[in-house]
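In: pasting the sequence and the predicted coordinates here, then a few questions.
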Amino acid sequence: MALDVNDLRVHYRTTKGDVRALDGVSFSIADGEIVGLAGESGCGKTTLGKSLIRLDGRMRHVGGNVLLDGDELPIGNDRAMNKHRFKDVSIIPQYSMSAMNPTRRIGKMIADLLRSRGLSYRNLKDELVHRLELVGLPERVLDNYPIELSGGMKQRMVMVLSTLLDPSLLIADEITSALDVSNQKAVAETLVRFRDMEFVKSMIVVTHDLSLVYQIADTIMIMYAGRIVEKAPAETIVKAPKHPYTKALISALPEVGLEYGDKRLKSIPGKPPQLLNPPTGCRFRARCPLASDECAEQPPMVDVDGGHQAACWKLED
Ligand SMILES: Nc1ncnc2c1ncn2[C@@H]1O[C@H](COP(=O)(O)OP(=O)(O)OP(=O)(O)O)[C@@H](O)[C@H]1O
């Protein structure tokens, strides 16, 4: 198993108290598996991605653990995580394309980055050029400034860079949302190719775009209010979802290519609970058409079928 996350709890410290952004998250990812992570805004997707590589200043690891290839990642210890970042676990963060330094040539920027990690640009350059060419970027882009590249080219550049050391796990956070449809497709296909070529062993693809991730992910996980509520093969999530929340999410997709984004889900009223003081029991129950008294207790994640799990008391309804 490439990744094993057990009862992970990560909170944000605020003046009003702890925001329980990850409140008991458990899942595994197999070698070679691409997992799509979806759910409404604020459910904890970005927090989960960041927790596996770098907690920001306000994030606190309050419980649970993460095993990568059988070894525990010291996620709560920023310094100890340093040796794993980029090498074992890498991330393409949200908005990474626009985070490139506009005044530095791309090759120089990459050399700086590698140096800051104790790596030699000279030693890695041949492999870098080879991989750039694989994604349709000629060597001369290293002499360009970021502004001279299109959005799609920049995104492919960031993808090559973040996987250059063949990390075991890659987290891709909303990497297609700023691109037009043809570039989205190219970026999604590149992710699959990188997995197939074993540049990266397994992947978590955080997205608002279920229809896109459906095309590339082996498995889709659905989050709601700081917890995973359903996990299944991509086809099963889209065609035969079990959890009432997943059903609502899928039915809110009017046609392929449209994102559910921040739009209120049409088929269910209300909005997700605050994570400062989340309700007890099933977090979806205030919006759930099937809710009853038993939902006051938190439903466990149970096996529905091979590779299909869901956390709901009403799976038979
Ligand atoms: N710095 C912060 N301080 C306090 N709370 C935060 C902070 N960052 C995120 N949160 C809260 O943590 C929860 C999870 O946020 P997160 O950004 O992980 O969700 P998300 O599913 O990635 O959302 P989106 O799809 O909009 O990116 C939300 O309730 C959010 O308000």
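Out: Yep, that arrived.
In: contact partners for the residue of the stretch 151-300 of the chain found nearest the ligand?
Out: Scanning the stretch 151-300 of the chain for proximity to the ligand using Cβ to the nearest ligand atom identifies residue 275 as nearest, at 4.3 Å. (Each C-beta comes from the backbone N, C-alpha and C, glycine too.) For residue 275, the contact set (Cβ atoms under 8 Å, 6 or more residues apart in numbering) comprises 19, 20, 21, 23, 42, 44, 225, 226.
In: of the residues you listed, which belong to strands?
Out: Secondary-structure check on those using DSSP state E: residues within strands are 19, 20, 21, 23.
In: okay, these in TSV with distance to residue 12 next?
Out: Rendered in TSV, the data for those read as follows (distance: Cβ to Cβ, whole Å):
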residue	distance to residue 12
19	4
20	8
21	6
23	12
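In: would you turn those into a markdown table with distance to the ligand, pLDDT and neighbour count?
Out: Listed next are the ones in strands among the contacts of residue 275 as a markdown table, based on distance: Cβ to the nearest ligand atom, whole Å; pLDDT from 0 to 100; neighbours: other Cβ atoms under 10 Å:
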| residue | distance to the ligand | pLDDT | neighbour count |
| --- | --- | --- | --- |
| 19 | 4 | 97 | 22 |
| 20 | 8 | 97 | 22 |
| 21 | 4 | 97 | 24 |
| 23 | 10 | 96 | 23 |
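In: how about those, which pair is most distant?
Out: Using Cβ to Cβ, the pair of the ones in strands among the contacts of residue 275 lying farthest apart is 19 and 23, separated by 9.9 Å.
In: about what we covered before: measure the residue of the stretch 151-300 of the chain closest to the ligand to residue 17 for me?
Out: To residue 17, residue 275 is 10 Å away according to Cβ to Cβ, to the nearest Å.
In: residue 204 now?
Out: Distance, residue 204 to residue 17, using Cβ to Cβ: 28 Å.
In: more neighbours: the two, which one.
Out: In this comparison of residue 204 against residue 17, neighbours counted by other Cβ atoms under 10 Å, the higher total goes to residue 204 at 27 against 11.
In: pretty sure that one is touching residue 27, no?
Out: No - at 9.5 Å, residue 204 does not count as touching residue 27 under the criterion of Cβ atoms under 8 Å.
In: what do these two both touch?
Out: residue 35.
In: chain neighbours aside, what residue packs nearest to residue 296?
Out: residue 281 (4.2 Å; Cβ to Cβ, 6 or more residues apart in numbering).
In: so what's the one you found up against?
Out: For residue 281, the contact set (Cβ under 8 Å, 6+ apart) comprises 295, 296, 297, 298.
In: equivalent analysis for residue 303, please.
Out: The neighbourhood of residue 303, defined by Cβ under 8 Å, 6+ apart, consists of residue 309.
In: so which strand or helix has residue 288?
Out: Using DSSP states H and E, residue 288 is not contained in any helix or strand.
In: where does it land on pLDDT?
Out: At residue 288 the predicted local distance difference test score is 93.
In: quick one, strands of the stretch 151-300 of the chain?
Out: Secondary structure of the stretch 151-300 of the chain, counting by DSSP state E, counting those that start in this stretch: strands at 169-173, 202-206, 219-224, 227-233.
In: reformat those as JSON lines; add distance to residue 311 and mean pLDDT.
Out: Formatted as JSON lines, those follow (distance: least, Cβ to Cβ, whole Å; pLDDT from 0 to 100):
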{"stretch": "strand 169-173", "distance to residue 311": "23", "mean pLDDT": "96"}
{"stretch": "strand 202-206", "distance to residue 311": "19", "mean pLDDT": "96"}
{"stretch": "strand 219-224", "distance to residue 311": "9", "mean pLDDT": "97"}
{"stretch": "strand 227-233", "distance to residue 311": "5", "mean pLDDT": "98"}
